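Enquirer: Quick one: sequence and predicted model below, then my questions.
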4 protein chains.
Amino acid sequence: MAKKKGQKFNQIIDAAVSVIAENGYHNSQVSKIAKKAGVADGTIYLYFKNKEDILVSLFEEKMGVFVQKSKERLAEQETIEDKLYTLIEMHLCQLEADHDLAIVTQLELRQSNIALRNEINEVLKAYYGLIDHIIDEGVEQGVFPHSLNKRVARQMTFGAIDEVVTNWVMKDMRYDLVELAHPLKEMIFHGLKQSKTG
Amino acid sequence: MAKKKGQKFNQIIDAAVSVIAENGYHNSQVSKIAKKAGVADGTIYLYFKNKEDILVSLFEEKMGVFVQKSKERLAEQETIEDKLYTLIEMHLCQLEADHDLAIVTQLELRQSNIALRNEINEVLKAYYGLIDHIIDEGVEQGVFPHSLNKRVARQMTFGAIDEVVTNWVMKDMRYDLVELAHPLKEMIFHGLKQSKTG
Amino acid sequence: MAKKKGQKFNQIIDAAVSVIAENGYHNSQVSKIAKKAGVADGTIYLYFKNKEDILVSLFEEKMGVFVQKSKERLAEQETIEDKLYTLIEMHLCQLEADHDLAIVTQLELRQSNIALRNEINEVLKAYYGLIDHIIDEGVEQGVFPHSLNKRVARQMTFGAIDEVVTNWVMKDMRYDLVELAHPLKEMIFHGLKQSKTG
Amino acid sequence: MAKKKGQKFNQIIDAAVSVIAENGYHNSQVSKIAKKAGVADGTIYLYFKNKEDILVSLFEEKMGVFVQKSKERLAEQETIEDKLYTLIEMHLCQLEADHDLAIVTQLELRQSNIALRNEINEVLKAYYGLIDHIIDEGVEQGVFPHSLNKRVARQMTFGAIDEVVTNWVMKDMRYDLVELAHPLKEMIFHGLKQSKTG
DNA sequence: GATGAATGAGGCTTCATTCAT
DNA sequence: GATGAATGAAGCCTCATTCAT
């Protein structure tokens, strides 16, 4: 069962996002996903190791595309501040544009057990890399202080954005998310900029 | 079945923290918790509505004590910066002091379904109140700008701290957590302080 | 799940013999056995580790009773020849008296995998012991030659009886089984008696 | 789908013996056998009706060759005793020479359901014929008594040999099997010879 | 209040077989 | 003849919860 990214692979991924967003992970039976994808139950297992693997693959797939697009857009930005803003805006934009995906990544994906959580973390590393790169550049250019604790900086950055998105999802996405990109950027950018050595 | 906070209530809460930290939420059967607590399975249901209620109650209990202590300590602080630092330090301190509790709150508690997540969020509101209070005071005193988006500010603050703790837990708590209170405070404080209107 | 030989334990054993004899092991769903036994599906698992364990326990139970009764009857016999005859007759008698049990032991029990087969063999050792005892006595008394290969003698004895019973079951138990005890005894007894050293 | 005994037919038979001996019947998926045989899954169904048919055909094939060879060798023997010895020795010899086949015939083949068991019995009839022929001749020549219950005699003979082989397989074939041909012949020959009328 | 034996719903996954190419 | 992707039926077992004692 090598990961054959055929047409059905994507059919199943898309069906999974839709079904899980609607029913929640624990109430999304494999048969339900298969039906929505228009394939037989057994076919799922030609493309995925097991039910959890659907979740991981789904996240890998979406994250892969997002990171790729982000890299391209980030390369076009001149300043650190613009890069940070761009990353945040793209993050919010993608999830605002796909409510189902937002529900899945912010709520359902986290109901998974530790083993799965670790796999998800592996996938996240590519995204962490984007943040790390901005921070590194900022320090090199003297925008951020040399004494900056980079690891904490990255965790803080990710945690802040993620929490804002999660709150938006839990409030049933009733307000505009992308317009929070500006205040988020402001706080994170100045937070990193002014940090003083301990 | 009013919440009878007898001796067994706490026995069961403590057993739950220990059992869930060791076995993970999905492998912590009610019977396992009962055995560890030294009571019969059925007795659990004299003190808790159902299995999820153990989790919520556990969180309520621990959070209640924490918020109470925090309020007292915060009242002793003079400046906004000190209050912020104190809150962060107490947060990190409490979880560093109780690894089992840290595992449960950062990892296991989140594997719960949406309904439970909402209940947990209710409990969190008391904690959010502490942050909100600091932010409000900061704005009143002119330490933070009037244009500050307070809701986003609170979400960002909580998200940053929470993500730092979660990373620490997922790295098997192999480094010192409390010493991250300083960089965290720095970044959050300056982030809130320098935010410019959009 | 200690083996609690309560009333339900036997209820389930008896239901299993009946259901398996009628439907075959692989078509005897646990739910079918539970229904016949008048208990809930889950109750089965309070008394048995898994489905296979029902089979092993069933065999242990029946074999235990049989070996016990046989020992008593064998002690009453004077000669080796009488002991041998008694054992064979009791063996055939028990199975002729319980057709369901005969089907289960001769056909269904053997469809099990190797792991289970080994467990069954363990149970059989008690029965092997009865044969060994007769052979040993026969050799001591000089009825059987000292040069007798005792292990092969026991295997041959068991194999001969077992094959006769299996054929009877596969012929739908359409003829009298117990009356074959005499020819079986004759052949086995003289076979052991006259064996010459190689 | 007439039995096309092409090259692939034998390739598949051999692969089946090897795969089943290694993995056990219930863990020998058609796809695994196909892979070992170097053909596609679907190809199996050009040569065999279904999975069970592989087993039956395998047994037919091996037994056919064995019976043929045995007939020839038996024809060369002068006495009944020699014939009996020859048959037993060939039986043991063949299985000692092919451990995989021994595992399959003594253990795995028996895990099949009743329907298959009946088909296997059909194949066995050719072998039973060899034993019957020796017994008939023995009675005609006066070596065995006229009162001999021939059917029981044959069952006993087969059961004895079969049980000895099965024990050898279950003991991981750790001792010499062929040398048991002599004691087996002794016991069976004398058993048949001295049987007295009931 | 405390017990713990009994309940029974519910779903992931395997794998023999088919059939369009 | 040969392929192998797709099918879909079918069942063991867990475990939160109850209730008679």
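Expert: Sure thing, it's come through. Numbering: from 1, shown residues only, chains lettered A, B, ... in the order given.
Enquirer: C-alpha only now, for contacts and for neighbours.
Expert: Fine.
Enquirer: Look up how far chain B lies from residue A:56.
Expert: 15 Å (Cα to the nearest Cα, to the nearest Å).
Enquirer: tell me which element that residue falls in.
Expert: Using DSSP states H and E, residue A:56 sits in helix A:51-75.
Enquirer: now for whichever helix or strand comes after that helix, which elements pack on it?
Expert: Using DSSP H and E, the helix or strand that follows helix A:51-75 in sequence is helix A:80-97. Helix A:80-97 sits against helix A:51-75, helix A:99-106, helix A:114-140, helix A:181-194, with contacts defined as 3 or more Cα pairs under 8 Å, 6 or more residues apart in numbering or on different chains; DSSP states H and E.
Enquirer: between the second one and helix A:80-97, how big is the angle?
Expert: Just to be clear, that refers to helix A:99-106. Helix A:99-106 runs at 110 degrees relative to helix A:80-97, counting by axes from the mean of the first three to the mean of the last three Cα atoms, to 10 degrees.
Enquirer: how far is helix A:99-106 from where the chain is centred?
Expert: 9 Å (Cα atoms, centre = their mean, to the nearest Å).
Enquirer: export that helix as PDB, just CAs?
Expert: These are the backbone C-alpha positions of helix A:99-106, laid out as PDB (Å, rounded to 0.1, in the frame of the first residue of the first chain):
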ATOM      1  CA  HIS A  99     -14.700  26.100   7.000                       C
ATOM      2  CA  ASP A 100     -14.800  22.300   6.900                       C
ATOM      3  CA  LEU A 101     -11.000  22.200   6.900                       C
ATOM      4  CA  ALA A 102     -10.900  24.700   9.800                       C
ATOM      5  CA  ILE A 103     -13.100  22.500  11.900                       C
ATOM      6  CA  VAL A 104     -11.100  19.500  11.200                       C
ATOM      7  CA  THR A 105      -7.700  21.000  11.900                       C
ATOM      8  CA  GLN A 106      -8.700  23.100  14.900                       C
END
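Enquirer: Give me every residue in chain A that's in contact range of chain B.
Expert: A:24, A:26, A:107, A:110-114, A:148-149, A:152-153, A:155-164, A:167, A:180, A:182-184, A:186-192, A:194-198 (Cα under 8 Å from any Cα of the partner chain).
Enquirer: Are any of the residues you listed buried, and if so which?
Expert: Among the residues of chain A next to chain B, those buried by neighbour count (16 or more other Cα atoms under 10 Å in any protein chain shown) are A:24, A:107, A:110-114, A:148-149, A:152-153, A:155-164, A:180, A:182-184, A:186-192, A:194-196.
Enquirer: before we move on, back to that, of all the helices and strands packed on helix A:80-97, which lies closest to DNA strand E?
Expert: DNA strand E lies closest to helix A:51-75 among those, at 3.9 Å (Cα to the nearest atom of the strand).
Enquirer: In which helix or strand does residue A:158 reside?
Expert: Here residue A:158, judged by DSSP H and E, is contained in helix A:150-170.
Enquirer: Packing partners of that helix?
Expert: Here helix A:150-170 touches helix A:99-106, helix A:114-140, helix A:181-194, helix B:150-170, helix B:181-194, going by 3+ Cα pairs under 8 Å, 6+ apart.
Enquirer: and residue A:98, what is it in contact with?
Expert: By Cα atoms under 8 Å, 6 or more residues apart in numbering or on different chains, no residues touch residue A:98.
Enquirer: what pLDDT does it get?
Expert: If you check residue A:98, the pLDDT there is 97.
Enquirer: just residue A:113 next, same as before
Expert: Residue A:113 carries a pLDDT value of 84.
Enquirer: Would you list the phi and psi of it?
Expert: Here is the backbone geometry of residue A:113 (degrees, to the nearest 10): phi -80, psi 170.
Enquirer: Which residues lie in contact with the spatially most central residue of chain A in this structure?
Expert: Centroid-nearest residue in chain A: residue A:63, 5.8 Å away (criterion: Cα atoms, centre = their mean). Contact partners of residue A:63, counting by Cα under 8 Å, 6+ apart, are A:123, A:124, A:127.
Enquirer: Most neighbours among the residues you listed, please name it.
Expert: The most neighbours of any of these, using other Cα atoms under 10 Å in any protein chain shown, belong to residue A:127, which has 21 neighbours.
Enquirer: need the contact list for it.
Expert: A:63, A:67.
Enquirer: Give me the pLDDT value at it.
Expert: 97.
Enquirer: Roughly how far does it sit from residue A:63?
Expert: 8 Å (Cα to Cα, to the nearest Å).
Enquirer: next one: residue A:123
Expert: Counting by Cα to Cα, the gap from residue A:123 to residue A:63 is 7 Å.
Enquirer: just residue A:115 next, same as before
Expert: Distance, residue A:115 to residue A:63, by Cα to Cα: 19 Å.
Enquirer: One more: residue A:177?
Expert: From residue A:177 to residue A:63 the distance is 19 Å (Cα to Cα).
Enquirer: Next: residue A:159.
Expert: In terms of Cα to Cα, residue A:159 sits 17 Å off from residue A:63.
Enquirer: do the same with residue A:15
Expert: In terms of Cα to Cα, residue A:15 sits 17 Å off from residue A:63.
Enquirer: list the contacts for residue A:119?
Expert: Applying Cα under 8 Å, 6+ apart, the residues near residue A:119 are residue A:56.
Enquirer: Also residue A:96?
Expert: A:102, A:177, A:178.
Enquirer: The same query, at a cut-off of 7 Å, please.
Expert: Residues near residue A:96 by Cα atoms under 7 Å, 6 or more residues apart in numbering or on different chains: residue A:177.
Enquirer: Residue A:53 too?
Expert: Taking Cα under 7 Å, 6+ apart, one finds nothing in contact with residue A:53.
Enquirer: What separation is there between it and chain C?
Expert: For residue A:53 relative to chain C (Cα to the nearest Cα), the value is 28 Å.
Enquirer: Look at that residue and report its pLDDT.
Expert: On the pLDDT scale, residue A:53 gets 94.
Enquirer: burial of the closest residue to DNA strand F within chain A, as a residue count?
Expert: The nearest approach of chain A to DNA strand F comes at residue A:42, 3.1 Å away (Cα to the nearest atom of the strand). Residues lying near residue A:42 (other Cα under 10 Å) number 11.
Enquirer: cool, the one 10 residues further on as well?
Expert: Using other Cα under 10 Å, the number of residues around residue A:52 comes to 15.
Enquirer: now it, nearest residue through space, not along the chain?
Expert: residue A:116 (7.3 Å; Cα to Cα, 6 or more residues apart in numbering or on different chains).
Enquirer: returning to that earlier point: state the three-state secondary structure for the residue of chain A closest to DNA strand F.
Expert: Following DSSP: H, G, I helix; E, B strand; the rest coil, residue A:42 is assigned to helix.
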